[in-house]
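# With the input below, show me the fold.
(chains A and B)
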Amino acid sequence: MTEHYIHKRPSSITPSKWMCGVFFLLLLAACSKHPSLPSSFTQVNEQPRIYPDYVGVTIPPNIAPLNFLVDSVDDIIGEFKFQDSKLTFGGKANKVQIDEREWKELLASARGNSLSVTVYAKKQGKWFAYKPFPIDVAEEEIDPYISFRVLPPTFVGFENLTLMQRNLTNFEETTIYDKRQISSGIEGQCVNCHSYQNYGTSNMMFHMRLQHAGTMIVSDGQLVFVNLKDESMISAAAYNSWHPFLPIIAFSTDHTMQTFHTREISKVEVMESASDIIIYDVKNNRVQTVLNDSLELELFPSWSPDGKWLYYCSAYYEYQKGYEDTDELLQNYKQLQYNLYRLSFDAKTMAFGEPELVYDARSKNRSAVQPRVSQDGRYVLFAEGPNGLFHIWHTSAEALILDLETGELLDTKAMNSPLPESYPSWSSNDRWILIESRRDDGNYTRTYFAYFDKQGKVHKAFEVPAEDPEYFRLLLKSWSRPEFMKEPVRITPRQFYEKALTEPIKVSN
Amino acid sequence: MGSNVRKVLKESQKKKSVKSGNRKWASPLAFQILFIAFFVFLAWYFLYTRNADTMFFMQDRGWWNSTSLFFKDCTEVPGGLLSWAGAYLTQFFYYPALGTVMLITLWLITFLVAKFSFKVPNEWSFLIFVPLVALLCSEIQLGYWVYILKDIDYVFYHSLGLLAALLLSLPFWNLLPLGDKAKQWISLAWIPLVAALFYYPLGIYALLAAVLVTIRTIHSLKEGAGRVLLLAFTLWLVPLLETAGTTLMRPDQPWTYGFRFFALDNLRDCSLEIPFYLVLIAPIFFPFLKQIKTKKLWQSQGIMVLVALAMLFCLSKRDFTDYNFHAELRMQRAVEECRWNDVLREAAMVKGPVTREMVMFRDIALINRGEFCAKRYMYNNESIPPVAVSDSIHVRICDQAGDLIYYNYGETIFGIRRAIERCMHYGYSYYTLRVLTQCAIVNGEKDNARKYLRLLSRTTFQKKWAEKMQRFVDDEKLLPTDEHFRMPLKLYNEGSELVGVDDKYVELTIMKKWMYDLTLDPEAQEVALGCAMIMRDQRCFWSQVQQWYNINPGKHFPIHVQEAMLFGVYELKMEGINLSFVKFDQRVVDRYKAFFERLNQYSSQGMNEKQIGAALRPEFGDTYMWDYYVLREVQTN
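Residues are numbered from 1 along each chain as shown, chains lettered A, B, ... in the order given. Got it, this is the predicted structure:
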C-alpha cells in the first residue's frame, strides 16, 4: 500500500496556505494534549450518549481515531484504557478528539482485545463520570480506502457532485474527480457507478452522464474514455462489476425513471422500465449481450470472487399493452420486486449458463438488489426493501446476508437501523461490511462499517470516523455509494478532466 | 517626476485657496464633502429606500454559519476569505437599514483609503466614487437574477475585495527605516508577493493589488518597464500555480476567479458585468489623479456635476423597478411570517396584471384566513410572466419559492424536493433551511429537523427562529396551535398519497392534485373546492360541491362557489345537476343575471371578447363569471 497522496484538494501548497499552516501550528502548540481527569465527580450509572455512537462497537486495528462528542455538556474528557495504558483526550468543549499517533499505538497494543472508555462530562460546573463502555479491537484490518460520491440528497440536478476517496487509517480525503472542473451549468454532469477490479485501482471505471458523456476506464493503469452504447443496447451501460481477474466488466443497461411520493417519507421511487445485462471486453472494446428477456428486468450484475458466477437481480414484469409503457409502470411501481439470481460462467469459452434462483425475495413481498458475494464464496450480501431498486429511499430497507451453504439469512439486526440501509459490500478479507445508511437523520446518506466475525456473526455498525466529530451533523451532503479500495486512485482529477474533453471511443459488438 | 508634480500641485492649490479664500463654500474641500454627501444620499436611496426588500431577500438567500466546516468550504477556492467575510457581512441586511449603513461605511472607508494613499486632490476626489457607484449599481441591477445567484457573498464580496486591494497596495516600505534602494527592492518584491500570498484569500483582487503596487512604484520609464514586465509575469504565473491541481474550479479559468460572470448554461448577460469591470479598471487610474493640473476650479467642479448627473442617470437606469418583482419579494416574506393581512394588502395594491407566484401567495393567505372560495375572485387574477432584467433567464416558480408554496399546501415532500434541487444548483440558504426544517417537522422527520436547526443556530440572525422551532420538534402537540404549521399540517394530513412528478410546474401540480382530494375536513375541503374552480374542471367541481354540502349541511356556499354553480348549470349547461338544495344569496343571483345581460348587450354591439372583458371589468371584475369568461389563457410558469 502506498502512502503517497497524488492529489489533494486543493493539491498545491500555496504561500497563503503556508501562512495558515504556521498559524495553525502555533495554535496547536498552545493547546494541552492530555487533559487531567476531574478530581471530584458524580458517578452516573449509565453509559453516555455519544455521537457518533461508538458504544460497544468492534473496530479494525487500523482505523482512524474515533472522535466523538456529547450533546448538552460544557466540557468532556474521554479516558481510554487498555491494561495498564491510559490515555485521556478532550477538554475542548463537548468534543473528544484523539491524537492519531497515540491512537494507533493504543490500537496496536489492544489488537484482538477490548478498550474501555470512560466519559467524564461537565454540566453547570459539575463533573459526572459515565459508566465505561467497551470498544473491541478486531484482529483483522479493514481495507485502507473507500471511494464515494459527495452530493446533496438530490433527485435530478448534478450541479454539485464530487467523487472522493478517503483514507480510513487517518482523515485524509482527496478528490478523484470533481465535475465542477468541467461544467458549471444547470444540466451539469453526473458521475456515477465507480467500481474497481479486486479492490485495486489499476483497473477501475466510472461513468459520466449528460455533459461530456462516456465511461472513464482505467485499464492496467491506462486511461480510456469509452462510449458504452451501441444500437444493440437499450441504453448506455450503467451498474457494473469487474470480473475478478479477466479484463471484462458486466453491466446492466436500463431505461431509468423516477417518481415522487406526496406523503410517504420514502419520498422517491426509482424504476427501470427496461433493463438487460451485457459484458464489455475492455481489451477488445466489444460488448456481448448476456440477458435480454423482455419480461425480466435484470440489474446489478456482480461477479463472484472466483469469477465462476455472475450474480444479479431481476424483476418479472409483463406490460399489459405488450410494450414498454412507463405510465403503466409508474402506477404499478409496487409490483417491481427483484429476486436474486446467478449464471454460471466459463472463462475459457466466455459462455454463460442458465439463470438459477438464489433468493426469492418476491415471495416475501420484498425486493432484493445489489448482491455482493464474499471472498470465500459462502455468503451473499444484499439490500432488501419493499419494492424497486433504490433502497436508500426506503425506510424499511436493510442489508441482509444469505448463507449459500444453508440457504438461511443471517441475523443482521446489529448493523441495520429503523432507517434506510443500502449498497452493502465486503472488504477484501470478508471481515468488514460497508453499508450506506440514513440512520443519522433520515435524509443524508452516511457510511457505516460492521464487523463480520469468522463465526458469521454481524456486530454493531459504526460510522466512518471524522476528524471533527460534528462533521456529518453539519454536512449538508450525502456520502453516496461507498466502495472499498486497497489503494488510492492514481489518475489525477486533471487527467480525468483532460480525457473527458476528448471524444469517447465507440464500442463494437 | 513625482516631486515636480507635487510642487506644481501645491502651488496651484495655494493659488486656489487664495482665490477662494473669501468664499469657503466653493472650496475644493467643500465640494468634496458635498459629493460625499451626494454619494451617501444615492446609496441610501437606492439601497434602502428603493431596494430594502431586495437587499433583505439577498441576505435571506445567502448562507453563513460559524462552523469550521463552512469556513473550510469557503476557503477552498481563490477569493475564499473574501467569500467567507462577504457572506458574514451580508447577514446584516437582515435589518436592511443596518446592512445599508455598513455597506456605505465600507465604501466611505474605501474612499478615504484611496484618497489619502494616492494623495488625490480634493477637487478630483469625486472620481474615486466611480468604482463605488459601480458597486452600488451591482447591488440594485439584478432583478430576477437574485433567485439564481450562486454567490452567498455577492453583496459585500467585491466591496471588500476593492478595499483589500487598496490596503495591500499601501506603500508600507516608506515607513521602514531603510535606504531608498532597499525600499525600491522591497516595493519591487511586493509585486509578486502580494499576488502570491493573497491570491487564495482574495482571488482576482490580489492581482488588482499587484497592479496598483506596480503603478504606484513606477518612477521612471526604464524602471517602469521592468516592473510592468514583472507584473505581467506575476499575473500570468500566480493564478496558474495557485490553482494547479485544484478540482473545484475550471482549469481553463484560473485568472478570473472572483470576477462575477452572469452566465447560466449557454446564456450570458454581459451588461450586468460592466460594474465589475469598472471596479477593477477604475482604481488603476487613481495614482494619476494627483497629476491632473487644475487651471480653474470651476472646471473640476463642472466635471464633478456632470459625473454626478451621469451617476444618477446610470443608477436610475440600472435600478430594477418592476413592481411585481418587488411585490413578490414582500409577499414571500409575509407568507413566511404568516402576515396574511399584509399579503392581501399587497395583492390589493397591485394595479396591473400579476405574476402567478403572486396569485399563489395571495391564495395561501386566503386559505389561511378561510376565505379561499369567498374572496379569491375579488382580487386581480390577470397574469403576466415575470419581467426579467434581460431575456437571458426564464423565471420559474420552482426556482423562486416553489418549495415554500408546496409547504403551505401541505405538499411537504414536493417542497423538500424543490428545495434540495435548488440547493444543488444555487447553494443552501437560510431561507431553504427554514423551509426544509418546517417540511421535516410536518413530516415527523425530527432528526432531520434537528440537523437544520443545529446549523441555523450557528448563524447570527436565525438563532431565535431556530429556538422557536426547537419547541415544535420537542413537542409536536404544539404544531396545530401555531400559524406556521396549522394549515400546512392540516393539508398534509388531509391530502392524499400519490406518486408523480411536477415537471417544474408548481401551481399546476398543486391544483391538479388537490381538486381530486375528497376530505372531510372543512378547511382542507374548501382548498380542494377552490382548486377545482381554478382548474375549471366541472366533474371535480361538482364532486367537491357535493362534499362541501355533506360536511357543511345547511350552510350557505361561499359566494364564488354560488357563482360557479350558476355558471356551470346555466352557462356551461351541466346536465343532471339539482340546485334545489342550494340556498343562493339573492345578490349573487342578481349579479349573475346582470352579468349575462350586459354580456349579451356588449356582444350585440359587435364588441370582441377583449373589449367585452374590459367593459365588464368595473362592474363584474370581482366575480367568478368574469374570471372564467375573460381570463381564458392563463399560463403558469
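# how about A:Phe345, phi and psi?
phi -140, psi 130 (degrees, to the nearest 10).
# Setting aside sequence neighbours, what's the nearest residue to the closest residue to chain B within the stretch 201-350 of chain A?
Distances from the stretch 201-350 of chain A to chain B, computed as C-beta to the nearest C-beta, single out A:Arg263 as the nearest residue at 3.9 Å. For every residue, glycine as well, the C-beta is placed using N, CA and C. Excluding the flanking residues, the one nearest A:Arg263 by C-beta to C-beta, 6 or more residues apart in numbering or on different chains is B:Glu497, at 3.9 Å.
# now A:Arg439
A:Arg439's closest residue in space is A:Ser417 (C-beta to C-beta, 6+ apart), at 3.8 Å.
# Let me know the pLDDT of that neighbour.
Reported pLDDT at A:Ser417 in the predicted model: 97.
# now A:Thr447: how far from A:Glu421?
Counting by C-beta to C-beta, to the nearest Å, the separation of A:Thr447 from A:Glu421 is 11 Å.
# wait, A:Tyr130 sits on A:Ser116?
No. With contact defined as C-beta atoms under 8 Å, A:Tyr130 and A:Ser116 do not form a contacting pair (11.9 Å).
# of these two, who's got more company?
Ranked by neighbour count (other C-beta atoms under 10 Å in any protein chain shown), A:Tyr130 and A:Ser116 place A:Tyr130 first, with 22 against 15.
# for the nearest residue to that one once chain neighbours are set aside, what are its contacts?
Across the structure, with C-beta to C-beta, 6+ apart as the measure, the residue nearest A:Tyr130 apart from its sequence neighbours is A:Pro48 (4.0 Å). For A:Pro48, the contacting residues are A:55, A:70, A:119, A:121, A:130, A:133, by C-beta atoms under 8 Å, 6 or more residues apart in numbering or on different chains.
# Relative to chain B, which of those is nearest.
When the contacts of A:Pro48 are ranked by distance to chain B (C-beta to the nearest C-beta), A:Val70 comes first, at 14.5 Å.
# Phi first, then psi, for that closest one.
Dihedral angles phi and psi of A:Val70 (degrees, to the nearest 10) take the values phi -120, psi 130.
# so how far is A:Arg49 from it?
For A:Val70, the distance to A:Arg49 equals 7 Å [C-beta to C-beta].
# With neighbour numbers in mind, choose between these two.
Counted by other C-beta under 10 Å, A:Val70 and A:Arg49 do not tie: A:Val70 has more neighbours, with 22 against 12.
# gap between that one and B:Tyr452?
From A:Val70 to B:Tyr452 the distance is 21 Å (C-beta to C-beta).
# Quick one: residues contacting B:Cys137.
Under the criterion of C-beta under 8 Å, 6+ apart, the contact list for B:Cys137 reads B:275, B:314-315, B:318.
# quick check: mean pLDDT across the helix or strand containing it?
Here B:Cys137, judged by DSSP states H and E, is contained in helix B:129-140. The average pLDDT within helix B:129-140 is 96.
# so how far is it off the chain centroid?
Between the mean C-alpha location of helix B:129-140 and the chain-wide mean there is a distance of 17 Å, by C-alpha atoms, centre = their mean, to the nearest Å.
# my read: A:Ser195 touches A:His243, true?
No. Because the distance of 11.2 Å does not satisfy C-beta under 8 Å, A:Ser195 is recorded as not touching A:His243.
# Find the residue closest to B:Pro201 in space, skipping its chain neighbours.
In space, B:Pro201 comes closest to B:Leu81 once its chain neighbours are excluded; the distance is 3.5 Å by C-beta to C-beta, 6+ apart.
# Might you report the residue contacts of the one you found?
If a contact means C-beta under 8 Å, 6+ apart, then B:Leu81 has B:74-75, B:200-202 as its contacts.
# can you tell me the helix or strand for it?
Element membership of B:Leu81 [criterion: DSSP H and E] is helix B:80-90.
# in that helix, what's buried?
Buried positions in helix B:80-90, judged by neighbour count with 16 or more other C-beta atoms under 10 Å in any protein chain shown: B:80-90.
# will you turn those into TSV that also has pLDDT?
Shown next, in TSV, are the buried residues of helix B:80-90 (pLDDT from 0 to 100):
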residue	pLDDT
B:Gly80	91
B:Leu81	95
B:Leu82	95
B:Ser83	94
B:Trp84	96
B:Ala85	97
B:Gly86	96
B:Ala87	96
B:Tyr88	97
B:Leu89	97
B:Thr90	96
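# Next, name the residue at the spatial heart of chain B.
Among the residues of chain B, the smallest C-alpha distance to the mean C-alpha position (C-alpha atoms, centre = their mean) belongs to B:Val146, namely 3.7 Å.
# which residues does it contact?
Contacts for B:Val146 (C-beta under 8 Å, 6+ apart) come out as B:54, B:57-58, B:61.
# again, but for B:Ser125
Applying C-beta under 8 Å, 6+ apart, one finds that B:Ser125 lies in contact with B:32, B:35, B:111, B:115, B:289.
# Break the chain down into its domains, please.
Because you didn't say which chain, this covers chain A. Residue ranges for the domains of chain A, per automatic domain parsing: A:37-137, A:145-505.
# Oops, wrong one, chain B.
Split by automatic domain parsing, chain B gives B:28-318, B:326-550, B:556-637.
# Show me the shaky parts of the chain.
By default, I'm working from chain A. For chain A, the stretches flagged by pLDDT under 70 are A:1-32, A:184-187.
# if you could check chain B rather than the one you did, that'd help
Looking along chain B with the criterion set at pLDDT under 70, you get B:1-26, B:245-249, B:251-252, B:389-392.
# where exactly do the strands run in it?
Listed in chain order, the strands found in chain B under DSSP state E are B:263-264, B:267-268, B:499-500.
# So in that sheet, which strands flank the second one, and in what orientation?
In other words, strand B:267-268. strand B:263-264 (antiparallel) (DSSP bridges).
# Next, report how far the strand it pairs with is displaced from the centre of its chain.
For strand B:263-264, the gap between its own C-alpha mean and the chain's C-alpha mean amounts to 16 Å (C-alpha atoms, centre = their mean).
# Tell me if A:His194 really is in a strand.
Yes. Residue assignment for A:His194, taken from DSSP: H, G, I helix; E, B strand; the rest coil, places it within a strand.
# Buried residues, stretch B:255-275. List them.
Residues of stretch B:255-275 classed as buried by neighbour count (16+ other C-beta under 10 Å): B:255-260, B:262, B:264, B:269, B:272-273, B:275.
# Give me every residue in the stretch 301-450 of chain B lying close to chain A.
For the stretch 301-450 of chain B, the residues in contact with chain A under the definition C-beta under 8 Å from any C-beta of the partner chain are B:411, B:413-414, B:416-417, B:420-421, B:423-425, B:427-428, B:440, B:443-445, B:447-448, B:450.
# buried subset of those residues?
Neighbour-count burial (16+ other C-beta under 10 Å) applied to those gives B:411, B:413-414, B:416-417, B:420-421, B:423-425, B:427-428, B:440, B:443, B:445, B:447-448, B:450.
# Among these, which lie within helices?
Taking DSSP state H, the ones among these that sit in helices are B:413-414, B:416-417, B:420-421, B:423-425, B:440, B:443, B:447-448, B:450.
# Closest one to A:Leu228 out of the residues you listed, please.
The nearest member of these to A:Leu228, counting by C-beta to C-beta, is B:Met424 at 25.9 Å.
# Export stretch A:151-162 to CSV, keeping only CA atoms.
As requested, the backbone C-alpha atoms of stretch A:151-162 are provided in CSV (Å, rounded to 0.1, in the frame of the first residue of the first chain):
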residue,chain,number,x,y,z
LEU,A,151,-23.6,15.5,-3.2
PRO,A,152,-26.7,17.0,-1.7
PRO,A,153,-29.5,14.4,-1.4
THR,A,154,-30.7,15.5,-4.9
PHE,A,155,-33.1,13.9,-7.2
VAL,A,156,-32.4,15.3,-10.6
GLY,A,157,-29.7,18.0,-10.6
PHE,A,158,-26.0,17.4,-10.5
GLU,A,159,-24.5,20.8,-10.2
ASN,A,160,-22.5,20.0,-7.1
LEU,A,161,-21.0,16.5,-7.2
THR,A,162,-17.6,15.1,-6.4
